[in-house]
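1. Predicted structure and sequence below. I'll ask about it afterward.
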Amino acid sequence: MTDTMDVGSAPAPAIPARLTYDEYADVLQGLSQASVDRHFDAFVDVPWDSPDFAIDHQDPRWVLPPDTDPLGGHEWYLALPIERQIEIGLWRQANILKVGLQFENILIRGIMQYVFSLRNGSPEFRYLTHEATEECHHTQMFQETVNRIGVDVPGMTRPIKMVVPFLPMVASFAPVGFFMMVLAGEEPIDHTQKAILRSGRDLPPVMRRIMQIHVAEEARHISFAHEYVKRRGPRMGRINRLISSIAFPIIMRAGCDLLMVPPRSFRKEFGIPRSVMKDLYWKAPGSRDRLQELFADVRMLAEQSGLMNPAARWMWRLLKIDGPSSRYRSEPPVAFVGR
């Protein structure tokens, strides 16, 4: 069964701050049931053949939004002819989707690696295989959009692609670290897409629909990763917990840069001055604020998981992703409060 309702603001199931094993199992049962009750098919719930969903390379709605993409508000970009802004916007959106689907490919493989050794009766098995199924549909949805945009974007950089085959194995020997990696890939995109949907911006219909579907299902995925880290973090030994607390912001910043910072080929393709790229990612005050804002939920998770200590706070600050923590998951940034 599929659901075609508008899902831009679908909430994640509420999860208590600290759970016993039985409570944890109940939450996973709830997440699994939610996957049964509300799930989406990439080729059923997106009307690809509708005229409204055709990719129009003259559509000004592909211009990068200044409030959610640093380049979109830069004077260099705004001074370009509208046709060039659209061309850059199409390439940028296509590459973000390509990186996203490549990341979800890693996630799927890591999940399969993790569940391979789970004991019979583990509630994690059912939920995580639901998640892997949903991620497969996301990769189809993203790749179909890239194909229809018609730009041959690279996605991840070549050095990252070389280490990708080894990343899923982290799920076997360092599962907490793996689910930190999951959050590093999911949180920045989820935060950005929710901000775009909340803004009420007029989007190309295909982008609005895939964002709605992605946000709705990622709410469950992020809920699980949060609860997994929150449950396992306090149970680590002192040394492992210290190492994990310092690794957490490093993993988050690396994942963010992988997803949000355009590759060198993008700068060369469109002749973007190197100074503009350095300013936007992430030296300018506005872009620095945006970077810090992306991780408010994760800083809250670090505190709830016993993974925030003086050394960890220093690392969050060093990487320029420190700041106030969210009071609750998906708390809107100040710009959207009261709208």
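-> Structure received. Worth saying up front: this structure is predicted, and the values here are computed from it rather than measured.

2. can you give me the helices in the stretch 101-250 of the chain?
-> 123-149, 158-163, 170-173, 175-199, 205-232, 238-260 (DSSP state H, counting those that start in this stretch).

3. can those go into CSV with extra columns for distance to Met315, mean neighbour count and mean pLDDT?
-> Every residue, glycine included, has its C-beta placed from N, CA and C. Formatted as CSV, the helices of the stretch 101-250 of the chain follow (distance: least, Cβ to Cβ, whole Å; neighbours: other Cβ atoms under 10 Å; pLDDT from 0 to 100):
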stretch, distance to Met315, mean neighbour count, mean pLDDT
helix 123-149, 29, 19, 97
helix 158-163, 22, 10, 91
helix 170-173, 19, 16, 94
helix 175-199, 13, 22, 91
helix 205-232, 16, 22, 95
helix 238-260, 5, 19, 93
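
4. Turn those helices into JSON lines, columns for distance to Gln29.
-> Shown next, in JSON lines, are these (distance: least, Cβ to Cβ, whole Å):
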{"stretch": "helix 123-149", "distance to Gln29": "6"}
{"stretch": "helix 158-163", "distance to Gln29": "35"}
{"stretch": "helix 170-173", "distance to Gln29": "22"}
{"stretch": "helix 175-199", "distance to Gln29": "19"}
{"stretch": "helix 205-232", "distance to Gln29": "12"}
{"stretch": "helix 238-260", "distance to Gln29": "27"}
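
5. for these, which one sits closest to Tyr114?
-> Shortest separation from Tyr114 across the helices of the stretch 101-250 of the chain is recorded for helix 170-173, at 4.0 Å, computed as Cβ to Cβ.

6. Run the chain-centre distance for the closest one.
-> 21 Å (Cα atoms, centre = their mean, to the nearest Å).

7. just checking, what packs against it?
-> Secondary-structure packing of helix 170-173 (3 or more Cβ pairs under 8 Å, 6 or more residues apart in numbering; DSSP states H and E): helix 82-115, helix 175-199.

8. Let me have these in TSV, extended by distance to His221.
-> Formatted as TSV, those follow (distance: least, Cβ to Cβ, whole Å):
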stretch	distance to His221
helix 82-115	8
helix 175-199	6
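
9. Which among those is found nearest to Arg232?
-> Judging these by Cβ to Cβ, what sits closest to Arg232 is helix 175-199, at 5.0 Å.

10. what's the first-to-last distance across stretch 168-181?
-> 10 Å (Cα to Cα, to the nearest Å).
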